[in-house]
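Engineer: can't give you the sequence, but here's the structure:
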């Protein structure tokens, strides 16, 4: 039974893309076991996947501030020490950074079985030199297919016709836990809630969609008896999301864990979001998801590879077209759509 250690620490969406490659690897090599090294704030993402057995947490984002501190380095070595407890048949550095390459050297594995991206395909040319096997993958390739190419080379199987999405990316929230979640967000419990999640925030302002268009979209959803739910992190993002929600008859979600957000995404009627981790996670779960890719490369980050994902770009990112896409996915009643064609950005 081969056992692989995967290093993929962030970003959020990058970890989601890697999960699809891991799920495909588990399908192609049925007796494969996979452990994962994750950045501590994102560790829930692989934990929720049935394709992953064990998750090791590292705090590089936190350690960066005290990089020269002896205490920091003691914590670093304590964190990587458990990697020596399990012997691995191969290590796959799917992140491609110098620090993840260094972590890969701490794991117990044959010196000939450390795999990573080649120089020119990796964010760190120095890190790629520490890999025994370097896989050349174009940067312009879709993020999921970059990961799939690396895993297929490391494990020696041909790529399937399409990536894996759905239940292998994240398991569903149990009914009892979901009922408790509904109570905590003050929503009635239902096996199929009337929520549509609007993911309005991103780390890059250039990816944003103007507030007035979110309000128009939310009002159109409310007119169909659907409730726009808006998650948001950070004080400024929450103020903006609250204003959008108040203007369209929606609800700002309280601060929730990633586990709770996964449950909300999985049980929603549908999701509309800008290019950010929650949007990609929703699509990869197999949820009906419309991704608005403004100022992002659709060739590298579209969600059309998923079971029920649709990507809109440029002039298509307009309220009527978003509603039409939701209608095509069965989220809204297409015959009842009445948003005028002149609306939206």
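Structural biologist: That came through fine. Computed from a predicted model, the values in this text were never measured in an experiment.
Engineer: C-alpha from now on. contacts and neighbour counts both.
Structural biologist: OK.
Engineer: Which residue ranges of this structure form helices?
Structural biologist: Shown for the chain, the helices assigned by DSSP state H span residues 12-28, 44-47, 60-63, 70-80, 98-104, 125-129, 143-155, 175-184, 211-223, 235-248, 258-267, 277-284, 298-301, 319-328.
Engineer: Compute the inter-axis angle for the first one and helix 277-284.
Structural biologist: By that I understand helix 12-28. Helix 12-28 and helix 277-284 meet at an angle of 20 degrees, taking axes from the mean of the first three to the mean of the last three Cα atoms, to 10 degrees as the criterion.
Engineer: buried stuff in helix 12-28?
Structural biologist: Residues of helix 12-28 classed as buried: 12-26, 28 (neighbour count, 16 or more other Cα atoms under 10 Å).
Engineer: got a pLDDT number for residue 3?
Structural biologist: At residue 3, the predicted lDDT confidence score is 97.
Engineer: Now for the closest residue to it other than its chain neighbours, how many residues are close by?
Structural biologist: Of all residues not flanking residue 3 in the chain, residue 33 sits nearest, at 4.6 Å (Cα to Cα, 6 or more residues apart in numbering). For residue 33, the neighbour count with other Cα atoms under 10 Å is 19.
Engineer: Would you agree residue 33 is in contact with residue 4?
Structural biologist: Yes - shown here, residue 33 and residue 4 form a contact pair, counting by Cα atoms under 8 Å, at 6.2 Å.
Engineer: pLDDT weak spots in the protein?
Structural biologist: 338-345 (pLDDT under 70).
Engineer: can you name the farthest residue from the center of it?
Structural biologist: residue 70 (33.7 Å; Cα atoms, centre = their mean).
Engineer: what's the spacing between it and residue 77?
Structural biologist: 11 Å (Cα to Cα, to the nearest Å).
Engineer: before we move on, back to that, got the contact list for the residue nearest to residue 3?
Structural biologist: Going by Cα atoms under 8 Å, 6 or more residues apart in numbering, residue 33 touches 1-4, 26, 52-53.
Engineer: same thing with residue 232?
Structural biologist: 199-201, 238, 241, 252-253, 255.
Engineer: So of the residues you listed, which two are at opposite extremes in space?
Structural biologist: Spanning the widest gap among the contacts of residue 232 are 200 and 255, at 15.1 Å by Cα to Cα.
Engineer: The two: who's more crowded?
Structural biologist: Neighbours were counted for residue 200 and for residue 255 using other Cα under 10 Å; residue 200 has more, 25 against 14.
Engineer: Quick one: residues contacting the more buried one.
Structural biologist: By Cα under 8 Å, 6+ apart, residue 200 lies in contact with 208-209, 214, 230, 232, 241, 273-274.
Engineer: give me that answer again for 10 Å
Structural biologist: For residue 200, the contact set (Cα atoms under 10 Å, 6 or more residues apart in numbering) comprises 207-211, 214, 230-232, 237, 240-241, 244, 272-276, 279, 292.
Engineer: and if you look at residue 17?
Structural biologist: So residue 17 contacts 11, 142-148, 163-165, 169, 277, 280-281, 284, 301 (Cα under 10 Å, 6+ apart).
Engineer: Buried ones among the residues you listed?
Structural biologist: With burial judged by 16+ other Cα under 10 Å, the buried subset of the contacts of residue 17 is 142-148, 163-165, 169, 277, 280-281, 284, 301.
Engineer: quick check, nearest of those residues to residue 265?
Structural biologist: Minimum separation from residue 265 among the buried ones among the contacts of residue 17 (Cα to Cα) is found for residue 281, which lies at 8.7 Å.
Engineer: so the closest one makes contact with residue 290?
Structural biologist: No - in this structure, residue 281 is not within contact of residue 290 by Cα atoms under 10 Å, at 12.0 Å.
Engineer: which residues do those two both contact?
Structural biologist: residue 303.
Engineer: Run through the bridge partners of residue 5.
Structural biologist: Here residue 5 sits in beta bridges with residue 35, residue 91, going by DSSP bridges.
Engineer: how close does it get to residue 11?
Structural biologist: From residue 5 over to residue 11 the distance is 18 Å, taken as Cα to Cα.
Engineer: Repeat that for residue 41.
Structural biologist: In terms of Cα to Cα, residue 41 sits 10 Å off from residue 11.
Engineer: tell me the domain boundaries of this structure?
Structural biologist: The domain map for the chain lists 3-155, 175-336, with the assignment taken from automatic domain parsing.
Engineer: related to what we said a few turns ago, next, format the contacts of residue 232 as CSV and append distance to residue 138.
Structural biologist: Shown next, in CSV, are the contacts of residue 232 (distance: Cα to Cα, whole Å):
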residue, distance to residue 138
199, 30
200, 30
201, 29
238, 37
241, 37
252, 40
253, 39
255, 38
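Engineer: Which of those has the largest number of neighbours?
Structural biologist: Going by other Cα under 10 Å, residue 241 tops these with 27 neighbours.
Engineer: Make sure it is actually in contact with residue 218.
Structural biologist: No - using Cα under 10 Å as the test, residue 241 is too far from residue 218 to be in contact (11.6 Å).
Engineer: So for the two, which residues contact both of them?
Structural biologist: Common contact partners of residue 241 and residue 218 (Cα under 10 Å, 6+ apart): 198, 229, 247, 250.
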